[in-house]
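Student: with the sequence up front, the predicted model follows.
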Amino acid sequence: MNQALLKLNHHFLIPTPQLQDDRFVDTLVYICRHTKEGAWGFVVNQPLPNSVGALLADLDLPVSQQMMNTPAVDGGPVRIEAGFVLHTGQPDFKSSFVIAENVCLTTSKDILQHLAFGELSHYLLCMGHCSWSKGQLEAEVYAGDWYICPADLPTLFLTPFADRLAACYAKMGIKPERLAANLGYA
């Protein structure tokens, strides 16, 4: 397969048993941007003990009870102090870009006011992110470290965190209990 043809925007990555990075065990990674310069995305199935409401309250923004019950997400090991908002809708904020139809990423603080007033129906507040340098993700995929699954809005925003990985396995027809830790080549 030609590595130049691999485009992973708006796809999920699932680590295979052979991936040698403990930070990604049982994770589901959503890829937001994949170019010839590298890739980045977010772990979307690892809720944090901190709620969205608690994080917004720390910024003196109003919060609802629903936000106090909505966990922020451990988005990945890079810049864990930074918040990123994956959301449905349009890129109407200062620093937003479109990932796929009806999915955007916003990194500017102006979105937080909209979160505080309940103006976004589907969102994930991710603390930290995942990134790969030029050619790194392609090499990992071709080495067999990741399964690739097309992303969908229900899995990204509506499926309970604990069920997201299983939903992708089911979508791909994979039975995780049958996976082997090592690949063989003939």
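Tutor: Received the coordinates, thanks.
Student: how about the residue nearest to Cys130 when sequence neighbours are not counted, what does it touch?
Tutor: With CB to CB, 6 or more residues apart in numbering as the criterion, Cys130 has its nearest non-adjacent residue at 3.6 Å, and that residue is Gly76. C-beta here means a position set from N, CA and C on the backbone, and glycine is covered the same way. Taking CB atoms under 8 Å, 6 or more residues apart in numbering, we find Gly76 in contact with 23, 29, 41-43, 126, 128-131.
Student: go again with 6 Å.
Tutor: 42-43, 128-130 (CB atoms under 6 Å, 6 or more residues apart in numbering).
Student: of those residues, closest to Gln66?
Tutor: Lowest distance from Gln66 to those (CB to CB) belongs to Phe42, with 21.5 Å.
Student: for the closest one, helix, strand, or coil?
Tutor: Three-state assignment for Phe42 (DSSP: H, G, I helix; E, B strand; the rest coil): strand.
Student: that one pairs with what?
Tutor: Going by DSSP bridges, Phe42 is paired in beta bridges with Tyr30.
Student: for it, give its distance to Gln65.
Tutor: Using CB to CB, to the nearest Å, we find Phe42 at a distance of 26 Å from Gln65.
Student: these two: which is more packed in?
Tutor: When neighbours are counted by other CB atoms under 10 Å, Phe42 and Gln65 differ, and Phe42 comes out ahead with 26 against 8.
Student: can you list the neighbours in contact with the longest helix seen in the chain?
Tutor: Counting residues, the longest helix found in the chain (DSSP state H) is helix 161-172. Residues outside helix 161-172 that contact it (CB under 6 Å, 6+ apart): 12, 14, 28, 45, 47, 149, 155, 159, 176.
Student: now do the phi/psi pair for the third one.
Tutor: Okay, so that is Leu28. With angles defined as degrees, to the nearest 10, Leu28 sits at phi -130, psi 120.
Student: ok, now which ones touch it?
Tutor: Leu28 neighbours (CB under 6 Å, 6+ apart): 12, 44-45, 164-165.
Student: between these, which is nearest Leu137?
Tutor: Phe12 (13.2 Å).
Student: skipping adjacent residues, who's closest to that closest one in space?
Tutor: Excluding the flanking residues, the one nearest Phe12 by CB to CB, 6+ apart is Cys149, at 4.4 Å.
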